[in-house]
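> Sharing a sequence plus its predicted fold:
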Amino acid sequence: MGFLMFIVALGLGAAAWYLVAGKVLAGKSVPVRHGAGLVASLAVFLGALIVMAIAGLIKPAAPVELTPAQAEQAAAREAERAQQATARDAERAQQDAERDARKAGRAFEASKDKTLKEIAETGPAKARTFAESYAAMNGVDEASREAFYLCLGDYIGSKDGELKAANVLGWCLNDFKHDPAKFVTEKSRYDYFKVRSQFSAWDGSSYKVDKFIKSTMQNPDSYKHVSTRHHVRVDPTETFVLVDTTFRGTNAFGGVVTNEVRLKVDPATGEVLDVLHAQ
């Protein structure tokens, strides 16, 4: 049926084309009915092709079956292409690492002669860049570089401020090489600069500590901060900030008294965790 329609459509198309082409070559206009006939013939022809495809008269090309030798050659070519892509990726990664190392070297060189005190005064952002650049220069993986910033902060808070920051980072590097996982875990317990930001550079007071003390007083409006000292305490099981605050306020009889309190404070949030001593 499909083949018959194909023959009919082909005949109609040829007849229509003959009529139209003949008129054109003769310099005559083509009647509208001849043009319509041509369009109709083409439509019937396309319809016949569709019917033939559905009827299976027009079959798709069969897939080419490779011989075992050809299949092996194709697999070898594919493996070679994959190997080349891997090599290109590795080369790009190496180039990126070298570029990052050069950039890190320039960032480190700018501050390599500064003391711990001077690095602390530059603020957390520049201290982080300095420490992480040093780590990158020495081949430390990216995920572990923040621990060098935290290690630097730990020494800033606990060692002599006149020590050279570059030498201190050398100590951090030695600890990292000895046991990378332990180094990263221990140095991630607190951020010196985050702790420092919780206390006033003017008088050492902490807003959250003052607020907590006021909440325990009979007359919170009488609170007067005198002094505050703090240091980070790192124990095997916990890390916290030990805060000693001296303050004045009125007692139940209206007299002004001086009190001291020792508190355990969260190094990440500055919230008071516990009262260790009060008098």
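Nice, thanks for sending it over. Residues are numbered from 1 along each chain as shown.

> Excluding covalently adjacent residues, which one is nearest to Lys112?
Among residues not flanking Lys112 along the chain, Ala166 sits closest, at 4.8 Å (C-beta to C-beta, 6 or more residues apart in numbering). Any C-beta I mention is one placed from the backbone N, CA and C, and that applies to glycine too.

> One more: Ala252?
Once flanking residues are discounted, Ala252 sits nearest to Gln218: 5.8 Å by C-beta to C-beta, 6+ apart.

> Which neighbours in the sheet does the host helix or strand of Val241 have, and how are they oriented?
Val241 is part of strand 239-250, with elements assigned from DSSP states H and E. In the sheet, strand 239-250 lines up against strand 224-234 (antiparallel), strand 256-265 (antiparallel) (DSSP bridges).

> partners of the helix or strand following the last one in the sheet?
The reference is to strand 256-265. Following strand 256-265 in sequence order, the next helix or strand is strand 272-278 (DSSP H and E). Strands that pair with strand 272-278, judged by DSSP bridges, come out as strand 256-265 (antiparallel).

> can you pull the alpha-carbon coordinates of the partner strand into PDB?
C-alpha atoms of strand 256-265 as PDB (Å, rounded to 0.1, in the frame of the first residue of the first chain):
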ATOM      1  CA  VAL A 256      29.000  50.500  97.400                       C
ATOM      2  CA  VAL A 257      31.100  47.300  97.400                       C
ATOM      3  CA  THR A 258      33.800  45.900  95.200                       C
ATOM      4  CA  ASN A 259      33.400  42.300  93.900                       C
ATOM      5  CA  GLU A 260      35.400  39.900  91.800                       C
ATOM      6  CA  VAL A 261      34.100  37.100  89.700                       C
ATOM      7  CA  ARG A 262      35.800  34.300  87.600                       C
ATOM      8  CA  LEU A 263      33.800  33.000  84.700                       C
ATOM      9  CA  LYS A 264      34.100  30.400  82.000                       C
ATOM     10  CA  VAL A 265      33.200  31.800  78.600                       C
END
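
> Mind checking the pLDDT average for that strand?
Strand 256-265 shows a mean pLDDT of 96.

> Can you point out the buried residues in that strand?
Across strand 256-265, burial judged by 16 or more other C-beta atoms under 10 Å covers Asn259, Val261, Leu263, Val265.

> how much distance is there from it to the middle of the chain?
43 Å (C-alpha atoms, centre = their mean, to the nearest Å).

> And for it, what's in contact with it?
198, 206, 208-209, 212-213, 222, 226, 230, 240-251, 271-279 (C-beta atoms under 8 Å, 6 or more residues apart in numbering).

> Cool, thanks, signing off.
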